[in-house]
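1. Please find the sequence and the predicted model below.
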Amino acid sequence: MGNVQNTFGLSNFKTMKETSKAVEFKNIVNDEVIYLLPNKEITIVLNPKTVEENKELKQKSTGLNHNTSFLEFPKREHTGNGPICYGYAYKF
């Protein structure tokens with residue numbers, strides 16, 4: 001995943017946090033936060049507020065992803081006992 005992280009660094013994203021579940025990046029130009037997931041496929045997760053304002057982004061998403069690591073994203077009720085952070089996933 002190191003090469004992918006380097007690519008984000010070259011694209012104005014700064015690594016903010018890294019856990020076993022996700023790497024948090026923040027764009028140094030517009031402060032937009034995204035998450036990179038350590039899956040077999042390259043998966044990034046965008047803030048639902050950003051996606052829901054853009055019809056094309058919403059259509060191209062592979063669906064919602066819920067994760068406690070998405071600390072900068074809003075929460076919603078899902079399958080657990082309480083709200084959990086979520087975002088829209090994109091696989092490459």
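-> Yep, that arrived. Numbering: from 1, shown residues only.

2. For the residue lying closest to Lys17 once chain neighbours are set aside, what is the enclosing helix or strand?
-> Residue nearest to Lys17 in three dimensions, not counting chain neighbours: Glu24, with 4.3 Å by C-beta to C-beta, 6 or more residues apart in numbering. All C-beta atoms are positioned from the backbone trio N, CA, C, and that covers glycine. Using DSSP states H and E, Glu24 falls within strand 23-27.

3. other SSEs contacting whatever helix or strand comes next after that strand?
-> Moving toward the C-terminus from strand 23-27, the next helix or strand (DSSP H and E) is strand 33-37. Applying 3 or more C-beta pairs under 8 Å, 6 or more residues apart in numbering; DSSP states H and E, one finds that strand 33-37 makes contact with helix 2-10, strand 23-27, strand 43-46.

4. in the helix or strand following the shortest one, what counts as buried?
-> The one in question is strand 43-46. Going down the chain from strand 43-46, the next helix or strand is helix 48-52, by DSSP H and E. Judged by neighbour count using 16 or more other C-beta atoms under 10 Å, the buried positions of helix 48-52 are Pro48, Thr50, Val51.

5. ok so Gln59 is a helix residue?
-> Yes - under DSSP: H, G, I helix; E, B strand; the rest coil, Gln59 sits within a helix.

6. count of residues packed around it?
-> For Gln59, the count of nearby residues is 8 (other C-beta atoms under 10 Å).

7. same check, this time on Thr79
-> Residues within reach of Thr79, counting by other C-beta under 10 Å, total 6.

8. That one and Ile42, how far apart?
-> As judged by C-beta to C-beta, to the nearest Å, Thr79 and Ile42 stand 26 Å apart.

9. which residues sit in contact with Thr79?
-> Applying C-beta atoms under 8 Å, 6 or more residues apart in numbering to Thr79 gives no contacts.
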